[in-house]
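Asker: here is the input, now give the coordinates:
(chains A, B, C and D, ligands or ions: 6)
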Amino acid sequence: MKLELEQSQKWVELFVQKLETNKAYLNELDTAIGDGDHGTNMDRGAKAITESLSKKTPNTVSDLYKAVAFAMIQKVGGASGPLYGTAFLDMSKAVKTENIELSDLIQVGSDGIKRRGESDVKMKTMIDVWQPIADDLKSNKLDKANVDTALNSTKDMVATKGRASYLEEKSKGHLDPGSQSSAYLFESLVDVLGDN
Amino acid sequence: MKLELEQSQKWVELFVQKLETNKAYLNELDTAIGDGDHGTNMDRGAKAITESLSKKTPNTVSDLYKAVAFAMIQKVGGASGPLYGTAFLDMSKAVKTENIELSDLIQVGSDGIKRRGESDVKMKTMIDVWQPIADDLKSNKLDKANVDTALNSTKDMVATKGRASYLEEKSKGHLDPGSQSSAYLFESLVDVLGDN
Amino acid sequence: MKKIINNVEDIVPEMISGLVRTNSDLLKEIEGTTAVVRNDKLFSEHKQVGIVSGGGSGHEPLHAGFVGDGMLSAAVAGEVFTSPTPDQIYEAICAVDQGLGVLLIVKNYSGDIMNFDMAKEMAEADDIKIATVVVDDDISVKNSEFTQGKRGVAGTALVEKIIGAAARLGESLDELVKLGKSVVDNTKTIGIALHAATVPAVGHPGFELKDDEIEYGIGIHNERGYSVEKIQPAKELAHELIEKIIKEFDDKSGKFAVLINGMGGTPLMEQYIFANNVLDELESKNIDVEFSKVGNLVTSLDMQGISLTIMKANDDWIDKLKEPVVTIGW
Amino acid sequence: MKKIINNVEDIVPEMISGLVRTNSDLLKEIEGTTAVVRNDKLFSEHKQVGIVSGGGSGHEPLHAGFVGDGMLSAAVAGEVFTSPTPDQIYEAICAVDQGLGVLLIVKNYSGDIMNFDMAKEMAEADDIKIATVVVDDDISVKNSEFTQGKRGVAGTALVEKIIGAAARLGESLDELVKLGKSVVDNTKTIGIALHAATVPAVGHPGFELKDDEIEYGIGIHNERGYSVEKIQPAKELAHELIEKIIKEFDDKSGKFAVLINGMGGTPLMEQYIFANNVLDELESKNIDVEFSKVGNLVTSLDMQGISLTIMKANDDWIDKLKEPVVTIGW
Ligand SMILES: Nc1ncnc2c1ncn2[C@@H]1O[C@H](COP(=O)(O)OP(=O)(O)O)[C@@H](O)[C@H]1O
Ligand SMILES: Nc1ncnc2c1ncn2[C@@H]1O[C@H](COP(=O)(O)OP(=O)(O)O)[C@@H](O)[C@H]1O
Ligand SMILES: [Mg+2]
Ligand SMILES: [Mg+2]
Ligand SMILES: [Mg+2]
Ligand SMILES: [Mg+2]
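Answerer: Ligands and ions are numbered 1, 2, ... in the order given. Below is the predicted model:
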């Protein structure tokens, strides 16, 4: 399975919408175990993506991902900016050179985040959504329930990366904000795939 | 009528007690139309008087008033320190040189305050207690009701001296804190005279 | 009330002790007082008119934070929001007199006026040449001969800076008095509070404001102002305060100096945003700002708020404001 | 939430604009960014390794207030509590490189680390010699290889001061990296909050404390600490924090430097009282304090609280801490 340009555009559009709608909720999650700005950060990224795409409509999937990556890198800052930025930059490079399957594409994104964040699964970060979703795609069973499962798995983890790790044991019992924004990304993907 | 040393000591003692008991109330009055410290200031003065008198028992009424004056001048600061200090310093000088009547003595104190504060009656300051009390003493009719009347007269005045004057019309409707502490002084005096 | 203190009665001596111990190159305590005096080598080497200021505590860095070469010679700290006593002021006068006289810079409050006057009388008895400059820059209070007159607030920092620079340059006591009066006449301040200060001995804020209200025209001792209004964007605040202040100047040509002063509980971030709006607004009025400064200079404990001071200056005053000084707080 | 601001989205550019306009002798904005760079004459005349720091806004005067001769060459301001982006950092690096290389001083947060790393990669592509010193002085967080490690907090100001002085003296990039690592290893901080900060975009305090509670071990971004306890007198607080910090030093002989840092909403009065207790307590432990400083250096918006930093120093570092600098905030 692969995503064509139009589908990819739809995907990004839905993601942007969800980020804008849920700005306050993401801030709330980040207030509990971080510094309260994840919603604001992602909303700034969402607006930057929209602005960039309205200025120049990308002609290829690679260009689209690159535009997303640059918007995140240049306008978000914080931890989430370079992480989403690296994921989409690596994905942009991957779709340019190879004829890549969607599951492999998400794996590339997940690997990018791991590299940039020096992190891995079970550290209560967005990786705990990206990696399970990549795996689900490989076995062809991505749906919203899977996204939910991945997201909710972060609730009982003790954070060992990112700001939440300062709370040690007390980080337990809260959803990871970056995992929630990543869940929006993959819920949007499910919506796009459902449209098929 | 004159006050002997023992009576004067009793007077100061009662004043000190009332200041200590009513510290919070004086602060409250000063919070409404001033800066909230009149109780704290007078309490510091009260403690300084006690300390000074315990170190060296005065042998004359003049020495007693001088000790009160120095305690107020050196330990109180603010507006009330130099005002009470000047009143008692002038009174100390007056009892030393002249064989002075009590009513004239209080007039000397009142005049001292007027000089130091460049103030007069009807400005919503302690003068509005000192001057009526001096007048009442001259006509031999000092009692607690008179003290109350003088104090309460400040309630509806508009302040034109001291911090309360910054509030202009809004200073109306509140008792003047310095008048309240002066009322304690003269209630103590009534108590001492009643003991006769 | 939550404060990092020990006993309420020990606040001022402990504060002065902390200040002096962490800045011993610059300051020392005058024994038996809560007054501080310069402790740098230049102080004894360079003869000049002594400059003494002081007042109630709770306005830090004013005044002790302005003691140093090029500004104050000594500062006297009273209890919180309470004028210091004459004996302490007198000690400070004696500690800085080098035979050329001493200038007292006093904020216009009845307590300060009276206590500094008593100290002046004591010093005169010692034949010390002494004079006073009274600062009354707060235009939110009407100046009438029937009242106490205007208060001394944030403009005091600018007055101390200019007089301090002139004293270092060797101006005489008489010249400094003339200079000081002229600077004060040309200095206008107005302040707003978002949240009142909590005086430690009182234990709760001096007045209450709702979650969307600010008070215009507050003093630096929790004195209430002339009106309570809904909070507005910083640029509207700047517009409103500037309108009020600028009316006080007949001549709007020439050079101006500006101080944006934080009240103690308002972070620098907000002060700089406000400063940006102030400069925009003054630019739009063609007011030539040649000196500007932002920071917590004349505070009111933990009050949240800001004040704006505008001074109609001349080249000489602007130079004196810009001269480097060695102090903790300028 | 009551704040003196305009639109929440404009806070950082407006703040930087206010800062630069009121200090144009000292600073200028790097066009198209919210980064500032030295604007004094000496900057172009005196060649040295460029020192760049930065991070989220809301900690003023850190970092922009430390730009100037003898301290930082440039500072990059991100959104409130949010690391700046790589392109802005890259611009700052380019603006200060004089051919001798550039040192980045980065507080240890994943966001800062990642964004500065990306900027470093960009600069390396331009063949700029570049290196990083990571500050992680907050001992309230355990340092384990499985976690993010300790945070960079108030000690950052001391690190920037020492490195800045060394860079001015002509030390090479490699020497500065070595010096920086050694200074960081010997710098330990712990902080307490009486009241959490209100992030403008959030609109309410990051956490709630009761009227008699304080939080031990907070970070500078409203990160909660290791325990909530009843507030104690300043001297008990000093005792408790010093006990925690001093354990971290194996060798308690030699010279020490101390920073008492206000979090933004706590007045200087309380900071000096606390400083007095800190010096008492260290004296009783025979710790030789050769340098001490008090003030709002590394703040957290309007947070009420204080942090204590203790550095095991040597003569050379003490000298570098004492060297005069020309900055807004040191
Ligand atoms: N090292 C890391 N690796 C992977 N994800 C991380 C890492 N650090 C942080 N994150 C993710 O970033 C999210 C926080 O993003 P955000 O709040 O925007 O940045 P910041 O922490 O700088 O305020 C976390 O919830 C987590 O999912
Ligand atoms: N010029 C003055 N003349 C007479 N009394 C005055 C004058 N100024 C102030 N007072 C008195 O002093 C009282 C305030 O004293 P206090 O609160 O101790 O000093 P401060 O105003 O310096 O805080 C006022 O209530 C008033 O009675
Ligand atoms: Mg965050
Ligand atoms: Mg008072
Ligand atoms: Mg007072
Ligand atoms: Mg952040």
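Asker: what's near enough to touch the residue lying farthest from the centre of chain A?
Answerer: What lies farthest from the middle of chain A is A:Glu169; by CA atoms, centre = their mean that is 25.3 Å. For A:Glu169, the contact set (CB atoms under 8 Å, 6 or more residues apart in numbering or on different chains) comprises A:Val158. For glycine as for every other residue, the C-beta is placed from the backbone atoms N, C-alpha and C.
Asker: against B:Ser179, how distant is it?
Answerer: In this view, A:Glu169 and B:Ser179 are 61 Å apart by CB to CB, to the nearest Å.
Asker: from what I see, C:Val202 and B:Gly34 are in contact.
Answerer: No - in this structure, C:Val202 is not within contact of B:Gly34 by CB atoms under 8 Å, at 11.2 Å.
Asker: show me which of these two is the more surrounded one.
Answerer: Remark: of C:Val202 and B:Gly34, B:Gly34 carries more neighbours, 28 against 24, as counted by other CB atoms under 10 Å in any protein chain shown.
Asker: who's in contact with that one?
Answerer: If a contact means CB under 8 Å, 6+ apart, then B:Gly34 has B:162-164, B:177, C:223 as its contacts.
Asker: which SS state does the residue of the stretch 151-300 of chain C found nearest ligand 6 fall under?
Answerer: Relative to ligand 6, the nearest point of the stretch 151-300 of chain C is C:Met269 (15.4 Å; CB to the ion). The three-state assignment at C:Met269 reads helix, by DSSP: H, G, I helix; E, B strand; the rest coil.
Asker: residues in contact with it?
Answerer: If you count contacts by CB under 8 Å, 6+ apart, then C:Met269 has D:11, D:15, D:57-58, D:60, D:80, D:301 around it.
Asker: try 7 Å this time
Answerer: Shown in contact with C:Met269 (CB atoms under 7 Å, 6 or more residues apart in numbering or on different chains): D:11, D:15, D:57-58, D:60, D:301.
Asker: cool, and C:Met15?
Answerer: C:57, D:269, D:272-273.
Asker: now, those that are in strands?
Answerer: Those of the contacts of C:Met15 mapping onto strands are C:Ser57, per DSSP state E.
Asker: low pLDDT regions in the chain?
Answerer: Let's take chain A. Residues of chain A meeting the criterion pLDDT under 70: A:195-196.
Asker: meant chain C, my bad for not saying
Answerer: Across chain C, residues meeting the criterion (pLDDT under 70) sit at C:143-147.
Asker: show me the helices in it, by range?
Answerer: C:11-21, C:41-45, C:86-96, C:110-125, C:155-168, C:173-185, C:234-246, C:268-284, C:315-322 (DSSP state H).
Asker: and chain A, by the same measure?
Answerer: In chain A, the helices defined using DSSP H lie at A:5-21, A:23-33, A:38-55, A:61-75, A:80-97, A:102-117, A:127-138, A:144-153, A:177-194.
Asker: quick one: the third one to helix A:177-194, angle?
Answerer: For helix A:38-55 against helix A:177-194, the angle between stretch directions is 40 degrees (axes from the mean of the first three to the mean of the last three CA atoms, to 10 degrees).
Asker: using PDB, write out every CA atom in helix A:38-55.
Answerer: C-alpha atoms of helix A:38-55 as PDB (Å, rounded to 0.1, in the frame of the first residue of the first chain):
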ATOM      1  CA  HIS A  38       2.800  21.000  23.400                       C
ATOM      2  CA  GLY A  39      -0.500  22.200  22.100                       C
ATOM      3  CA  THR A  40       0.800  25.600  21.400                       C
ATOM      4  CA  ASN A  41       3.900  24.200  19.700                       C
ATOM      5  CA  MET A  42       2.000  21.900  17.500                       C
ATOM      6  CA  ASP A  43      -0.600  24.500  16.700                       C
ATOM      7  CA  ARG A  44       2.200  26.800  15.600                       C
ATOM      8  CA  GLY A  45       3.500  24.000  13.400                       C
ATOM      9  CA  ALA A  46       0.000  23.400  12.000                       C
ATOM     10  CA  LYS A  47      -0.300  27.000  11.000                       C
ATOM     11  CA  ALA A  48       3.200  27.000   9.500                       C
ATOM     12  CA  ILE A  49       2.300  23.900   7.400                       C
ATOM     13  CA  THR A  50      -0.800  25.600   6.100                       C
ATOM     14  CA  GLU A  51       1.000  28.800   5.200                       C
ATOM     15  CA  SER A  52       3.800  26.900   3.500                       C
ATOM     16  CA  LEU A  53       1.400  24.800   1.400                       C
ATOM     17  CA  SER A  54      -0.700  27.800   0.500                       C
ATOM     18  CA  LYS A  55       2.400  29.600  -0.800                       C
END
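Asker: and it, what does it pack onto?
Answerer: helix A:5-21, helix A:23-33, helix A:61-75, helix A:80-97, helix A:177-194 (3 or more CB pairs under 7 Å, 6 or more residues apart in numbering or on different chains; DSSP states H and E).
Asker: what number of residues are in the vicinity of C:Val326?
Answerer: Neighbours of C:Val326 using other CB under 10 Å come to 16.
Asker: one more: the one 3 residues further on?
Answerer: Residue crowding around C:Gly329 was assessed by other CB under 10 Å; the count is 22.
Asker: do C:Ala234 as well
Answerer: Counted by other CB under 10 Å, the residues lying close to C:Ala234 total 26.
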